[in-house]
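> Just the structure for this:
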Amino acid sequence: MGHDKALLVREGETQLGRAVRVLESRLERVFVSVRQAQASDPERARFEQIPDEYEDLGPVAGILSAMRRHPQVSWLVVACDLPNIDEATVAHLVANRSVEQPFTAYRSSHDGLPEPLCAIYEPESKVLIENFVADGLICPRKMLIRSDTHLLTQPDPAALDNVNTPEDLARSKVRIAS
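Take a look at the predicted model:
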C-alpha cells in the first residue's frame with residue numbers, strides 16, 4: 001500500500017496503539033513484533049517488543065520469535081491492520097479457544113477460511129510451524145488450513161476486515177498519519 005499500516009490513524013490513535021489497547025483489555029502482557037529496523041521507531045518503541053529472529057518469513061517470523069522467547073505460553077496473534085478489531089472479538093476468541101487443538105482462529109466472514117492474524121497459537125503449534133517452514137510453506141493461513149484448527153464464527157463479521165489497498169483505506173475510518 002506504500003504506507004506503514006501500523007501508523008494509520010483512527011480517532012487519534014494509531015492502528016498499532018489500538019491493537020495493543022484492545023489486547024491489553026484481555027491479556028496479562030502484550031508484545032509488539034518488530035523487524036530489527038523497526039525497533040527504534042517511536043511508535044513501536046512505546047511498547048514491549050519481540051524482535052524477529054528470522055528473515056523473509058513474513059508474519060511467521062514474529063510468531064516463531066515469540067514462541068522461541070516464551071515457549072510455554074499460548075500466543076494470541078493480532079495483525080495491526082484491523083481497524084475494526086474490538087474487545088468483544090478478542091474476548092470471544094479467548095473464551096472459546098481450544099487447548100486441545102494447536103490453533104484457534106476465526107473463520108473469515110468473506111471466504112470461510114481461517115484468519116491466522118487474529119488467532120491463538122498453542123505452545124505445541126511451534127513444531128508444526130517449524131515443519132511447515134522447513135517444507136517451504138510460510139503462509140500462516142495455509143498452515144491453519146492444513147492443521148487441526150478450531151474455527152469460530154466471528155461475532156462481528158466486519159471486526160477482522162483489514163486495510164491492504166488504497167481502496168480499503170478509503171472505505172475505512174483510518175487515515176495516514178502526517
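> alpha carbons only for contacts and neighbour counts from here, please
Will do.
> so what's the closest residue to residue 32 other than its chain neighbours scoring on pLDDT?
Among residues not flanking residue 32 along the chain, residue 49 sits closest, at 4.7 Å (Cα to Cα, 6 or more residues apart in numbering). On pLDDT, residue 49 comes in at 97.
> what ranges do the strands span in the chain?
8-10, 13-14, 32-34, 49-51, 75-78, 103-107, 114-121, 149-153, 175-176 (DSSP state E).
> Could you measure from the spatially most central residue of the chain over to residue 56?
Nearest to the geometric centre of the chain sits residue 78, at 2.3 Å (Cα atoms, centre = their mean). Distance of residue 78 to residue 56, given as Cα to Cα, to the nearest Å: 19 Å.
> and residue 30, what does it touch?
Contacts for residue 30 (Cα atoms under 8 Å, 6 or more residues apart in numbering) come out as 20, 23, 24, 48.
> 10 Å - rerun?
With contact set as Cα atoms under 10 Å, 6 or more residues apart in numbering, residue 30 has these partners: 19-24, 47-50, 75-77.
> Which among the residues you listed count as buried?
The neighbour-count test (16 or more other Cα atoms under 10 Å) marks 19, 20, 22, 23, 47, 49, 50, 75, 76, 77 as buried among the contacts of residue 30.
> re the thing from before, just name the most buried of the strands of the chain.
Of the strands of the chain, the one with the most neighbours on average (mean count of other Cα atoms under 10 Å) is strand 103-107, at a mean of 26.
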